[in-house]
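S.K.: the sequence isn't on hand, but the structure is:
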């Protein structure tokens, strides 16, 4: 088997804050093949967005990547120069964000913003800009793209705005798109549309996706593989079907059980007790131990090691039994 | 758009009417100009004649009506002291103030905005701390004191620059300007610097606050994620997004400096309108005061109108409303 398109190993991203050193991303390992969709799921503050930003070197002071490796298409990105990173950002790895109302510049037309993103990478056939812009806008389902090119973001609806952001990400036909909760700020019906479109776009263009979300249901409908993050670490990783059908980590089980659609109306909904600990105040041992019904003294004293292959495994001393 | 312009013009007319009334009443309440116009030993007959000539024996509303009528015909009256039309008097002095003000406000903006953006972009750097330190001085030290220090340093001790006056002027569009000659520029430098320090500090602070705020937004993050360079981001995103407060303050400062550059003009004996208004207040030269204040309100209305037009050009979200 050839080398994966992207392989992240032992990635550590820390923030040096007034409350001490925060390990926002700690020892994260995963890989991504061409055209693959990886779901990165976790609660707020689990480090899933920071992982996304780390891949592009978009961590700002007081944060930094403190260790590990990010290999993309044979190139090491940790410690790479800003020019190397910039030549990859947008061209080979693109990113879309949660709230399109915040990401698009309100005082520039769509054409101006697309032109800036287009011109960021030299060597493009400049004359083809308008053609390419219309092409990607059509691809994401913007009606009458030639006319809409000169509109401002506020003249679009939320869903259309996110489509424009996706179109900008598609401009250079990247190998990977990192999508940081791109549907969270949208209406449910629009969410489903964009989800379906992203999936077919990825299939069509061979673009790999890293889909970051707190919503396991969304991810399960989209991703080939899922990595579950908790307090900066990946606690379980595997193919979508296996992970959904038979989770091994109690936290994954908890997330699955928290989906309200699995229960009859008016039934008492199960929930994971307690809240995720703050990164500045992590317990010793397994960070999930205080909320875990299976936690033992071992869990509370030592961080559980990874069991299984890097692509398919979990970090738990007391995994749930996999049904035979 | 047309409706917007018409609306602003109507508003402007209302403001002008209110202003002219206030100014007229306010100035009327100050002293008796006859005491200034006539020698104390003038006869009663001459007194009565003078009063009648200037219409001071008429009821107030009639004087106001006559004043408005004359203003609408472009006649703002004659100065009691200089015995010449006040418009001529003011427009003789206006170019001096105009070039001083423009030099100060433009200089403060062109230097202050880049410094402020830098300080906002790298808030932890040593340079940024120096820039902010200078802006604190610019804010807190009074203009007249800085003016005196500048004269003492550059004119008296070092002898590099002249201490006052406009120097040689050259003609452009039939008006005399100092900035067109080397000698005039030398004369312009110190007063412009003195006048600009406060505005420089203001521009630095505004640009810094705006930049700091914008740099943390997802707009900048998204631009970075598309591979745009930092220079592109500052030029195309940050500068555009912080420009609205900058334009607002630019307009306000331009207006208020044009109208009230009094302190600097006095210290550097710059023959502008600021000195004219102070002199006319001291000598109770009513027509000059009234005309001046009316012109200043007109100026403010015009500048505010231009600033509003800039808003619409800068922020497309305003075009709808």
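M.R.: That came in fine, so what should we check first? Not measured: the values here are computed from a predicted model.

S.K.: CA only for contacts and neighbour counts going forward, please
M.R.: OK.

S.K.: so where's the chain uncertain?
M.R.: The chain I'm using is chain A. Applying pLDDT under 70 to chain A picks out residues A:1, A:123-126, A:262, A:323-324.

S.K.: that's the other chain; I wanted chain B
M.R.: B:29-31, B:36, B:320-321.

S.K.: all helices of chain A, in order?
M.R.: A:48-55, A:82-88, A:100-103, A:110-119, A:129-139, A:145-148, A:158-170, A:188-205, A:216-222, A:240-245, A:250-257, A:297-301 (DSSP state H).

S.K.: list the buried residues of the longest one.
M.R.: Taking 16 or more other CA atoms under 10 Å in any protein chain shown as the neighbour-count basis, helix A:188-205 is seen to contain the buried residues A:191, A:194-195, A:197-199, A:201-202.

S.K.: tell me what angle that helix forms with helix A:158-170.
M.R.: 20 degrees (axes from the mean of the first three to the mean of the last three CA atoms, to 10 degrees).

S.K.: outside of helix A:188-205 itself, list whatever touches it.
M.R.: Residues from elsewhere that reach helix A:188-205 (CA atoms under 8 Å, 6 or more residues apart in numbering or on different chains): A:35, A:140, A:159, A:163, A:173, A:183-184, A:207-209, A:222.

S.K.: relative to helix A:129-139, how tilted is it?
M.R.: Using the same axes, to 10 degrees: helix A:188-205 against helix A:129-139 is 120 degrees.

S.K.: quick one, what contacts residue A:55?
M.R.: A:70, A:77.

S.K.: wait, residue B:179 sits on residue B:188?
M.R.: Yes. Here residue B:179 lies in contact with residue B:188, judged by CA atoms under 8 Å, at a distance of 7.1 Å.

S.K.: close to chain B: what parts of chain A are there?
M.R.: For chain A, the contact set with chain B under CA under 8 Å from any CA of the partner chain comprises A:56, A:58, A:85-91, A:94-97, A:102-107, A:116-117, A:119-121, A:152, A:154, A:169.

S.K.: so residue B:136 touches residue B:200, yeah?
M.R.: No. Using CA under 8 Å, residue B:136 is not in contact with residue B:200; the gap is 10.4 Å.

S.K.: who has more neighbours, these two?
M.R.: More crowded of residue B:136 and residue B:200, by other CA atoms under 10 Å in any protein chain shown: residue B:200, with 28 against 15.

S.K.: now that one. Nearest residue, chain neighbours left out?
M.R.: Sequence neighbours aside, residue B:108 is the residue nearest to residue B:200 in space, at 4.3 Å (criterion: CA to CA, 6 or more residues apart in numbering or on different chains).

S.K.: rewinding a little: which of the contacts of helix A:188-205 lies closest to chain B?
M.R.: Chain B has its nearest neighbour among those in residue A:173, at 11.9 Å by CA to the nearest CA.

S.K.: so who does that closest one touch?
M.R.: Residue A:173 neighbours (CA under 8 Å, 6+ apart): A:91-92, A:205, A:207.

S.K.: quick check: the two most widely separated of those?
M.R.: Across the contacts of residue A:173, no pair lies farther apart than A:91 and A:205, at 14.1 Å, counting by CA to CA.

S.K.: stretch B:238-254 and chain A in contact?
M.R.: Yes. Contact of stretch B:238-254 with chain A is found when judged by CA under 8 Å from any CA, involving B:240-241.
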